[in-house]
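1. Have a look; sequence and predicted model below, questions after that.
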Amino acid sequence: MNDDNKRPFNGELCQPLNPDIKYGEICVKRFLDEGITLSLRPLSLPADEPLLRQFAILELPGRKELEEALFRTKKEELGLLILSDLGQSFMGFIDEQPAFLVTIYRVQQSSLGRRYAEQPGDYKIRLERLPMVGGRDSDVFAPAIWQACPDCFFAFPEVGRLITTLDILQPGEKQYCRAAGFRPLTRIGVGHDWEELYVHTGRRS
């Protein structure tokens, strides 16, 4: 992680970046009680390709035969996102060990903004955690991850609220999300395909 050749990250969120460059951290947060340090830096396709493969497999667990196709699709999608101003992906580390991938989008420029009463400054975040971090179950670190990401993104003045979607049939992340300050906003979807929208206003109370 400590690499003097990394380019500093400056400016607003969701700015077009060079996907081949390794940028420096945008956030470093220490959790004294847990004895861990969490950091975020923009995704670098060459440096993070092995990790992207792991995250792609998590989208359809148990489908080993689809591994390469899932990886190529995820790499292409995130590569296009890096070049655009629609969103931005960041690799998250705990004590310099890869732990999660968080992607943030401008709601105003996405289809989500047409599905609820969006406000200026709304950004959507999507959080993907690796199942293991440094040989430990990543659930151990989930509260710190969910707390650190809002703390990091609210430091950018353009961010007014953070929106995240959770599958109502997969409630595992809900406890961590709510503990970090997210509150239920609305439900969206049709038929059996429902998601819950949660909103964070920058306060935890």
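-> Great, that's in hand.
2. Show me what the worst-scoring helix or strand of the chain on mean pLDDT is packed up against.
-> Using mean pLDDT, DSSP states H and E, strand 183-190 stands out as the lowest-scoring helix or strand of the chain, at a mean of 85. If contacts are counted by 3 or more Cβ pairs under 8 Å, 6 or more residues apart in numbering; DSSP states H and E, strand 183-190 sits against strand 193-200. Quick note: C-beta positions are derived from backbone N, CA and C, even for glycine.
3. tell me which residues in the strand it packs on are buried?
-> Within strand 193-200, the residues scored as buried using 16 or more other Cβ atoms under 10 Å are E195, E196, L197, Y198, V199, H200.
4. Distance from the chain centre to the least confident helix or strand of the chain, please.
-> 19 Å (Cα atoms, centre = their mean, to the nearest Å).
5. Counting neighbours, which bits of it end up buried?
-> Within strand 183-190, the residues that count as buried by 16+ other Cβ under 10 Å are L185.
6. what about the chain, any weak spots by pLDDT?
-> For the chain, the stretches flagged by pLDDT under 70 are 1-5, 61-62, 168-170, 190-192, 204-205.
7. what sits up against stretch 128-145?
-> By Cβ atoms under 8 Å, 6 or more residues apart in numbering, the residues outside stretch 128-145 that reach it are 29, 31, 34, 36, 38, 51, 54-55, 58, 92, 94-95, 97-102, 127, 173, 176, 179-180.
8. just checking, which of those residues belong to helices?
-> L51, Q54, F55, L58, Y176, A179 (DSSP state H).
9. thinking again about what came up before, whichever of the contacts of stretch 128-145 count as buried, I'd like them selected in ChimeraX; how would that read?
-> A single ChimeraX command selects the buried members of the contacts of stretch 128-145 (16+ other Cβ under 10 Å):
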select :36,38,51,54,55,92,94,97,98,99,100,101,102,127,173,176,180
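10. so who does the residue lying closest to P98 once chain neighbours are set aside touch?
-> What sits nearest to P98 in space, not counting adjacent residues and going by Cβ to Cβ, 6 or more residues apart in numbering, is L51, at 5.2 Å. Listed by Cβ under 8 Å, 6+ apart, the contact partners of L51 are M91, P98, L101, L130.
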